[in-house]
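A.B. asks: Below are the sequence and a predicted model; questions follow.
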Amino acid sequence: MGYWLIKSEPEVYSIDDLAREKIALWDGVRNYQARNYLRAMGVGDLAFFYHSSTQPPGIVGLCQVVETGLPDPTQFDPDSPYFDPRSDPQNPRWWTVRVAFVEKFQRPLTLHQLRAHFSPSELPALRRGNRLSVMPLEPEVAERIGRLARTP
DNA sequence: GCCAACGTTGGC
DNA sequence: GCCAACGTTGGC
């Protein structure tokens, strides 16, 4: 089973949105490395949900991959901000997964806390200038994040 | 294939 | 609002 960290600006899509909808298509990712990670996800993988560009930034919950290998429909929608006119429907450029809500943490595990517990090499999200919206986590790191998030 | 210009991300 | 980091674009 794989572990991931996925980022979203809560004003665009938040853990509360996912808690309400239960299941969501993780669309709108337009970065090749992030797309490659999305394609590498397997059903059952767990993904921590990170809120970026908010105060405080941090990990706010957990979700689970429930469906993989889905072309991102927004790439073909001219009305979508994620429309990509160069993507060929016969050979889609952007792929994604469906995720299901698992839990919202009682308190966010803030970026500040994450910096206190992890090195940038352990947790790529801490690396200066990192802008990747989907990234893999070592199982050991994921386990520690889960423990920290549930520590009162 | 190089690289400068430009746009976006995201913490602060 | 600023700005560092970094991906993408496009001219050559």
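C.D. replies: The structure has been received and is ready for your questions.
A.B. asks: going forward, measure contacts between C-alpha atoms and count neighbours the same way
C.D. replies: OK.
A.B. asks: Tell me how many other residues crowd residue A:16.
C.D. replies: For residue A:16, the neighbour count with other Cα atoms under 10 Å is 15.
A.B. asks: just checking, residue A:119 touches residue A:126?
C.D. replies: Yes: using Cα atoms under 8 Å, residue A:119 is in contact with residue A:126, at 7.4 Å.
A.B. asks: Let me know the secondary structure of the closest residue to residue A:141 other than its chain neighbours.
C.D. replies: Distance criterion Cα to Cα, 6 or more residues apart in numbering; nearest residue to residue A:141, sequence neighbours excluded, is residue A:122 at 7.0 Å. Classification of residue A:122 by DSSP: H, G, I helix; E, B strand; the rest coil places it in coil.
A.B. asks: and residue A:122, how far is that from DNA strand B?
C.D. replies: To DNA strand B, residue A:122 is 16 Å away according to Cα to the nearest atom of the strand, to the nearest Å.
A.B. asks: give me phi/psi at that residue?
C.D. replies: phi -80, psi -40 (degrees, to the nearest 10).
A.B. asks: okay, now it: neighbour count?
C.D. replies: Count around residue A:122 with other Cα under 10 Å applied: 14.
A.B. asks: If anything else comes up later, I'll come back, but that's it for now.
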